[in-house]
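Colleague: sequence first, predicted coordinates after that:
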Amino acid sequence: MQEKIRIALKNTDKIKEILRKYILPTLREVDKEEFIEMQKDWMPVMAICEKCNRIQHRDNEESIKPNRVKEYFGDKEVVSYVCEACGHNGKLSIWSGRLKLNWRVDWPAKWALYKTTCEPAGKDHSVKGGAYDTGIELCQELYGYVGPVKVPYEWLRLGDQDMGTSKGHIFTPKKYLEIADPRIYRTIILRTNPIKHITFRIEEISQYYDYYERMENIYYNIEKTEDSEENMFFNCIFPLTQITDIPEIKLKQLPLKLLTFLTQVQNVLSIDKLYEKAKTFMENNNFENVITIHEFKTLLTQTKNWLEEVKKIVENEKDPKVKREIIRKVEIFTIPNEIDKILIKNMDEKQIKGVRILKEYFEKNDDLDADSVQNKIFTIAKKDLVIPPRKFFETIYQIILGKKSGPRLGPFLSLLDKDWLLKRFNI
Ligand SMILES: [Zn+2]
């Protein structure tokens, strides 16, 4: 990069000329003069101050002043600069590693350095006279490299807002990796036409997983699609979503729904018991790659981080209908450590009788599956208690969750630990 900086410093006039050629026609008459004036003592390089280590200074909200290089002494390969932040007046060798090219030159220098063949960029850089246009010519004229294929794309929106660093409304790749799988993110980007904007919704990540799985199934011929275009599309983009070599067979993964459940019962079940549940699932579904407890813990942490983000969204959501919908779709719940005593006091004889029958049923039967549990609760309500099933379902929810509703009860209870359930039903 230092060599690229040297070339830029030697060719400042040429750079200015290219920038003028592209930028001037896009400016209003009044701004043209100002631009020409600004170019007079402009240099394409900035310096990191040796005294305060800053490269620029923010005057106020609007203007950021870079520590622009003032002069280039070609024979000594040295530049002079004035620090906008602390006022330091210094000199630096061009090989000091403390110089940086201006954005419009930095970009083409990197294309030349990495021999970039394709460089997608946001629509703001793709306008006429933008950094793309000047970049390609600078790349060819200065660095003798043809430059990449231009792929302009729309912005990625977070929820209903554009991302913006100044407003703090941002979402970094690092943050994303804390909450979900990188392949899913690649899928969201790749499935969308670059000129259309993407609305990324954290609360819809489970739908993105579903989409990914369908694509994966079609790629591995596990699922068929009637639509030949879709078939071609998935076959083309699936390999691009992979971050390692493409597996020869589909590597099954724990469903996000199961992980969401296991994550939220961590206060009542030990990690070993949770892993046991996950392992049973993997074995029952013939997983080729049964994950270790360590990998499982990583997935739980990731899911927990995701749920926390979703909860924040729910908190900030003003529309109660939307709020409920997110909670229902993501299946957010909390299991209180203790049952509310008042709740038990308020139960009538029938409700208590029902709970006892259900408890007995759990005592007598091992390995209960979701459907039989669901059916049993129905039968108890209808035959034993002769009350509307809804009322008895609410009773069970209250005992487990402290409120009248929650995820589908059959699968929910069958995933909980039997010993824990027996203790909980001991009312
Ligand atoms: Zn300084």
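Modeller: Looks like it arrived, so ask away. Residues are numbered from 1 along each chain as shown.
Colleague: in stretch 55-72, which residues are buried?
Modeller: With burial defined by 16 or more other C-beta atoms under 10 Å, the residues of stretch 55-72 counted as buried are 55-57, 66-69, 72. Bear in mind the C-beta positions are built from the backbone N, C-alpha and C, glycine included.
Colleague: helices of the stretch 251-400 of the chain, start to end?
Modeller: In the stretch 251-400 of the chain, the helices defined using DSSP state H, counting those that start in this stretch lie at 256-264, 271-284, 293-316, 320-330, 341-345, 349-364, 370-379, 389-401.
Colleague: need the ones you listed in a markdown table (columns: distance to the ion).
Modeller: Formatted as a markdown table, these follow (distance: least, C-beta to the ion, whole Å):
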| stretch | distance to the ion |
| --- | --- |
| helix 256-264 | 48 |
| helix 271-284 | 51 |
| helix 293-316 | 39 |
| helix 320-330 | 48 |
| helix 341-345 | 65 |
| helix 349-364 | 71 |
| helix 370-379 | 66 |
| helix 389-401 | 58 |
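Colleague: mean pLDDT lowest for which of these?
Modeller: Within those, the stretch with the lowest mean pLDDT is helix 341-345, showing a mean of 86.
Colleague: buried residues in that one?
Modeller: Buried residues in helix 341-345 (16+ other C-beta under 10 Å): none.
Colleague: look up phi and psi at Asp181.
Modeller: The main-chain torsion angles of Asp181 are listed as degrees, to the nearest 10 and equal phi -80, psi 130.
Colleague: contacting residues around it?
Modeller: With contacts taken as C-beta atoms under 8 Å, 6 or more residues apart in numbering, Asp181 has the following neighbours: 209, 302.
Colleague: distance of it relative to Leu299?
Modeller: 9 Å (C-beta to C-beta, to the nearest Å).
Colleague: do Ile218 as well
Modeller: 24 Å.
Colleague: Lys128 now?
Modeller: From Lys128 over to Leu299 the distance is 47 Å, taken as C-beta to C-beta.
Colleague: neighbour count for the two, which is higher?
Modeller: Leu299 (19 against 10; other C-beta atoms under 10 Å).
Colleague: pretty sure the more buried one is touching Leu259, no?
Modeller: Yes: at 5.7 Å, Leu299 counts as touching Leu259 under the criterion of C-beta atoms under 8 Å.
Colleague: buried residues in stretch 256-265?
Modeller: Applying a neighbour-count criterion of 16+ other C-beta under 10 Å, one finds 256, 258-265 buried in stretch 256-265.
Colleague: same question, stretch 106-122
Modeller: The neighbour-count check on stretch 106-122 (16+ other C-beta under 10 Å) flags 106-112, 116, 119, 121 as buried.
Colleague: what residues does it touch?
Modeller: 1, 4-5, 8, 100-101, 131-132, 135-136, 138-139, 142-145, 147-155, 194.
Colleague: give me the subset of these lying in strands.
Modeller: 100-101, 149-153 (DSSP state E).
Colleague: so which of the residues you listed is the most crowded?
Modeller: Neighbour count (other C-beta under 10 Å) singles out Leu101 as the most crowded of the ones in strands among the contacts of stretch 106-122, with 21 neighbours.
Colleague: give me the neighbour count for Leu300.
Modeller: For Leu300, the neighbour count with other C-beta under 10 Å is 19.
Colleague: that one: what's it in contact with?
Modeller: Each residue near Leu300 by C-beta under 8 Å, 6+ apart is listed here: 259, 262-263, 266, 274.
Colleague: same thing but 6 Å
Modeller: Leu300 sits next to Thr263 when contact means C-beta atoms under 6 Å, 6 or more residues apart in numbering.
Colleague: and it, how far from Ile218?
Modeller: Counting by C-beta to C-beta, the gap between Leu300 and Ile218 amounts to 29 Å.
Colleague: roughly how far apart are Pro66 and the ion?
Modeller: Distance, Pro66 to the ion, by C-beta to the ion, to the nearest Å: 12 Å.
Colleague: looks like that residue contacts Met46 (just checking).
Modeller: Yes: contact status for Pro66 versus Met46: in contact at 4.5 Å, counting by C-beta atoms under 6 Å.
Colleague: on that earlier part again, turn the buried residues of stretch 256-265 into JSON lines, including distance to Leu190.
Modeller: Supplementary listing: those in JSON lines, determined by distance: C-beta to C-beta, whole Å:
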{"residue": "Leu256", "distance to Leu190": "20"}
{"residue": "Leu258", "distance to Leu190": "26"}
{"residue": "Leu259", "distance to Leu190": "24"}
{"residue": "Thr260", "distance to Leu190": "25"}
{"residue": "Phe261", "distance to Leu190": "30"}
{"residue": "Leu262", "distance to Leu190": "30"}
{"residue": "Thr263", "distance to Leu190": "28"}
{"residue": "Gln264", "distance to Leu190": "31"}
{"residue": "Val265", "distance to Leu190": "35"}
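Colleague: many thanks, I have nothing further to ask.
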